[in-house]
Every structure is written in structure tokens, then in C-alpha cells.
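need a structure here:
(chains A and B)
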Amino acid sequence: MLKDLATIFVASAIINNFVFSRYLGLCIFFGVSKKMETAVGMSMTFTAVMVISAALSWLVYNLLMLPMHLGFLKIVVFIGIVAGFVQGADTVLKKVNPALYHKLGIYLMLITTNCIILAVPVINADEKYNFLQSITLGLGSGAGFSLALVIMASIREKLELANIPKPFQGMPIAFIVTGLIALAFLGFSGLIAV
Amino acid sequence: MQEIAQPDILQVVLTGVIFMAGVGAFFGVGLAQAARKFAVETDPKVEAVRGVLPGANCGACGFAGCQAYAEAVAGDRSVSPGLCTPGKADVAAMIAKITGKEPPEIIPMIATVFCRGGECKAARRFVYEGVKDCRAAVLVSGGDKACGYGCLGYGTCAKACPFGAITMDSEKLPVIDREKCTACGVCVAACPKTIIALTPADKKVHIRCSSHDKAPVVKKSCELGCIACKMCEKACPEGAIKVEDFLARIDYAKCTHCETCVQVCPQRTIEDQLDPSKESAPRIKPPKKEGEENGAEKPKPAEVTAG
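Residues are numbered from 1 along each chain as shown, chains lettered A, B, ... in the order given. A predicted model of the protein is given here:
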């Protein structure tokens, strides 16, 4: 059981890293990886939202939608659940913990309709994971995304000072770097023999 | 895929509609309740002030961005409505109106670069091949400029400017766009040589040198540096110029734009930023002899330019 969960965690965090292996969430990845501070803030918010939305959508999917034969509606419903949850969290956080809200508020809105957040419940449904496995996938994906963001932010902070040819400055060099890291992550593909 | 037995299609459509309606209603009601229960009473003044502010988040006011300043100025009586330098007097007046405070008197300021030693005027001591950033270059024994006070020319201020008001010219000197500059002071803080300072925007004559070196040292390293010859100090009819620690400085409160100093300066250090044609450029080309004559030339009558 524990081995199974560990496998899911490692697989989602490193081997099937959302950014470098599945090419999801690239807009946020490039958007907030300019500074380490925002990258870390985004990572934390992202992981928290991912775990909670994985749990919520698992409950709705398995307890409500499957008995009603409504599996085909999962994408629409998951979007609704994530968006509703994020909006609710935003409202509550603003009142309960203004300090945390000021730290995370801007990221919460960006996350609402992000493809990684949607991918986690969909993968959970397709793989027929149980509750614990679903949460582990959410946690692993969050960790993987955080890893990607932090790696990218640290490289891009250095790139700011590097002598890059004009046509490559900014986004182009960021894409090239991402490609190179993705190649490196390809090396993890044999880590776990399934 | 997970259907065990194919259920009645009508049944599925019906439950689907009901289910989606239920989800929608749940989130709708839930969010509405949450919004009411967790409503944060925001001062309407904060929103109003936030709408007036430029929104550049430059931090010139001393707060962490426009939102923070709006909250502070609306909530705290002791916070002045005139702290937003990019907004200038208009914004200050509007904020004062919203918050019911006294509108402060605002002197419009502008960033001025106190160095004229561009690439062909000032020598470099060594070839610097490190990171192209003044803050990095200054770590290598104070930078590669022969003048220890001069602009290094790697454009850290241009990169720092949140309004895109600074460009580096062909001489590798920062040029301030008078239209775009809001005097937020970000470049002043960014420059490791403290060459940039905020000056009153209506004062256009500046002694564009920061060197406290003595004349022979300045002469060796820069064509346009202040050599503390005191000619401007003597020539100034208002007594606005003082040479201290081998560097002439203008007291902007006294300066009347008579431009006597601009014409008298043998080093062309003093510049009229609005009308560079008035400076002593033609006379400086054969440098020394003509420079001596300058002092004898009768100074132009002081003309007061309306600020």
C-alpha cells in the first residue's frame, strides 16, 4: 500500500513531471518563474489547491457522478469544482487570514482554470485511483510543479545577468532552457520499473 | 467506460441536468453565503484612492505598492496624500480630496544624471569583461572608469526604471526622458555610484559631474569633469553656486537660469538641459586659451524663466 503510494508520488513528481514530461501548465510556468520569491509562493499555493481539489473532485466523482452514470460530464464538473473551491478559498482567506491572502491572493486567481489543476482529477478518474492515491497524485504533481518552478526561477535569475544575444533574450532563452531541462528529466523515465 | 449496464438515455439526460443544476446551485448559494459571511469591510476611500494612483507599484511612496499606499493614506491620518511622486500634484490633489486632507505643496522633481563623461570623453582604466551591470562592475575595484566617481555606463538605471524613461545613448550615458520620468527615485537607489539625483523639474541648469577629485586627476580621466576652478562660483550673480570638496554644486532654490555659469565653465561640465545649444561648446574646441577669455566675457543679464 505504502509502496504503491510512494510510486505514485515519485512518478507524478519526477518521471511524469507535468511541466517537463507532459507539457502542461506552461503559461504559469513561464509567467511566474522570473523571480524566486513569486515562484515559491506560487508553488505552495498550487500544491495546496491541487491536493484539496483532487480530494473534492474524487468525492464528487465517485460518490455522486458514478452512481448516476454521469462519468462523461467529468471535465465540466471538475472545472466547476475547482473554480468554485478557489473562489470560496479566496473569499474566506481574505477575511480569516489577510496576511496569507496578500501573499497568495494573486496566484489563486491564476490557478482557477489552470490545466494542471484540471489534469489531476481527470487522471485520478481515468486511472480509477482510490481516495488516498488521488491525494498522493495531487501532492506529487504539486511537488513536481514546485520543483520545476524553483529550478526555472533559479536559472532565470542567473540568465538576467548573462550576456545573451538580443534575439534570444527573454522568452526564447526560457523556452530553450525548458527544453534542455525536459531532456534531463527524460533520464528519470527508467527510474521505476512498473 | 464505467457503465455496467447501459442505462436509459432519458434517465441519464434527466439526472445529468438535475446534477449540473444542483452543482451550480450549490456553488452559487455557497459562494454567495461565503461572500456575505466573510465580507471584509473595505473603506470605499481605499478603492477610490487606488483608482486615482498610477498603478506602477514603483514604491516611491515608501509603501509596498499602490494598494498598500491607498490603504495607508485612507486609514491613517498622519500619512500625507502627497507621497506619490509619479502622480505629481494632480494625484496628490485628488487623494487629498478623497481623504479630506490638506493638499500638500508638491515641487515636481525629475531625475538628473550628474555625470557627462561618456565613452569618448572619459577614459577607462581596464577592460571589464564581467556581467554587464553597474552593480557588478563596481565590485571590481570600483569599476573600470578612470574617474572613480563617473558613470560606468552598463545601464543598471535604465533596467531599473519602472517607467522606461531612461535610455543609454551611444556614449553609454543614461538619458532621462523628461516626459516619462516621474521622479520615483528607483534609479537613484539603483545606481551604485550615486550619480543620479532628483532635482526640481523646472531647474534646467545642472553641474553634471560628481567627482571630488582635484583638477589634475579630473583632467587626466575626463574631458568634461568639474575641476573646481570656481569660475562659476565667481560668475554666478545669485551666489547660487558653491564649490565644496572640489566639486561645484548649485543651490536650486537660488538658481534663476541666467546661464552665466553654462557659458563660463571651461570644462563644459555645466549643462543647460533644455537648451544645450547655449553651452560653451564652440569655445571649448581649442581648449585652454579660449577658456581663459571666457571669464572676462561679460555675463549675460540674468533672465528669470518662469518655472
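
buried set for the helix or strand of chain A with the lowest mean pLDDT?
Lowest on mean pLDDT, DSSP states H and E among the helices and strands of chain A sits helix A:98-111, with a mean of 74. Residues A:Tyr101, A:Leu104, A:Tyr107, A:Leu108, A:Leu110, A:Ile111 are the ones in helix A:98-111 that count as buried (16 or more other CB atoms under 10 Å in any protein chain shown). Where you see a C-beta, it was placed from the backbone N, CA and C, and this is true even at glycine.

same check, this time on stretch B:80-99
Neighbour counts using 16+ other CB under 10 Å place B:80-88, B:91-96, B:98-99 of stretch B:80-99 among the buried residues.

and the stretch 51-200 of chain B, which residues reach chain A?
Within reach of chain A by CB under 8 Å from any CB of the partner chain, the stretch 51-200 of chain B has these residues: B:Val131, B:Lys132, B:Asp133, B:Ala136.

so the last one: helix, strand or coil?
To tie it back to what came earlier, the one meant is B:Ala136. helix (DSSP: H, G, I helix; E, B strand; the rest coil).

tell me the contacts of residue 99?
Let's take chain A. Residues in contact with A:Ala99 (CB atoms under 8 Å, 6 or more residues apart in numbering or on different chains): none are found.

wait, I meant chain B there
B:Thr99 touches B:Lys45, B:Val49, B:Val73, B:Ala74, B:Pro81, counting by CB under 8 Å, 6+ apart.

inside helices: which ones of the buried residues of stretch B:80-99?
Among the buried residues of stretch B:80-99, the ones falling in helices (DSSP state H) are B:Lys88, B:Val91, B:Ala92, B:Ala93, B:Met94, B:Ile95, B:Ala96, B:Ile98, B:Thr99.

ok, the residue nearest to the first one when sequence neighbours are not counted to chain A distance?
Just to be clear, that refers to B:Lys88. Distance criterion CB to CB, 6 or more residues apart in numbering or on different chains; nearest residue to B:Lys88, sequence neighbours excluded, is B:Pro108 at 5.7 Å. Separation of B:Pro108 from chain A (CB to the nearest CB, to the nearest Å) stands at 32 Å.

and if you look at B:Arg268?
Taking CB to the nearest CB, one finds B:Arg268 at 34 Å from chain A.

could you report the pLDDT at B:Val304?
Looking at B:Val304, its pLDDT stands at 46.

circling back: mind putting the residues of the stretch 51-200 of chain B next to chain A into TSV with pLDDT?
Below are these laid out as TSV (pLDDT from 0 to 100):
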residue	pLDDT
B:Val131	86
B:Lys132	86
B:Asp133	88
B:Ala136	89
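
for those, which one is nearest B:Leu198?
B:Asp133 (22.6 Å; CB to CB).

show me where pLDDT drops low in chain B?
B:1-7, B:274-307 (pLDDT under 70).

ranges for the helices of it?
B:9-37, B:44-52, B:66-75, B:88-99, B:134-137, B:156-160, B:186-190, B:215-221, B:231-235, B:260-264, B:281-284, B:287-296.

might one say that B:Tyr128 is in contact with B:Gly142?
No: at 11.1 Å, B:Tyr128 does not count as touching B:Gly142 under the criterion of CB atoms under 8 Å.

helix or strand next in line after the least confident helix or strand of chain A, which one?
Using DSSP states H and E, the next helix or strand after helix A:98-111 towards the C-terminus is helix A:115-126.

quick check: angle from that next one to helix A:98-111?
Interaxial angle, helix A:115-126 versus helix A:98-111 (axes from the mean of the first three to the mean of the last three CA atoms, to 10 degrees): 70 degrees.

hey, which helix is longest across chain A?
helix A:131-159.

how about that helix: buried residues?
Quick answer for helix A:131-159 (16+ other CB under 10 Å): A:133-153, A:155-156, A:159.

circling back to that earlier point, so which of the residues of the stretch 51-200 of chain B next to chain A comes closest to chain A?
Proximity of those to chain A (CB to the nearest CB) peaks at B:Val131, which lies at 4.6 Å.

if I look at the closest one, how far off is A:Lys94?
Remark: distance between B:Val131 and A:Lys94 (CB to CB, to the nearest Å) = 41 Å.

the more surrounded of these two?
Shown here are B:Val131 and A:Lys94; by other CB atoms under 10 Å in any protein chain shown, A:Lys94 has more neighbours (19 against 16).

which non-adjacent residue is nearest that one?
A:Tyr101 (4.8 Å).

need the contact list for that neighbour.
A:Asp90, A:Leu93, A:Lys94.

so which of those sit within helices?
When the contacts of A:Tyr101 are checked against helices (DSSP H), the matches are A:Asp90, A:Leu93, A:Lys94.

give me phi/psi at A:Asn130?
Backbone torsions for A:Asn130, taken as degrees, to the nearest 10, come to phi -80, psi -180.

so how far is A:Trp58 from it?
Computed as CB to CB, the A:Asn130 to A:Trp58 distance reads 8 Å.

poorly predicted segments of chain A, please.
In chain A (pLDDT under 70), the answer is A:104-105, A:193-194.

chain neighbours aside, what residue packs nearest to B:Ala158?
Using CB to CB, 6+ apart, the closest residue to B:Ala158 is B:Ile166 (4.2 Å).

now A:Lys103
Counting by CB to CB, 6+ apart, A:Lys103 lies nearest to A:Gly41, which is 5.9 Å off, once chain neighbours are set aside.

going by secondary structure, the one you found is in what exactly?
Applying DSSP H and E, one finds A:Gly41 within helix A:36-59.

what packs against that helix?
helix A:74-96, helix A:98-111, helix A:115-126, helix A:131-159 (3 or more CB pairs under 8 Å, 6 or more residues apart in numbering or on different chains; DSSP states H and E).
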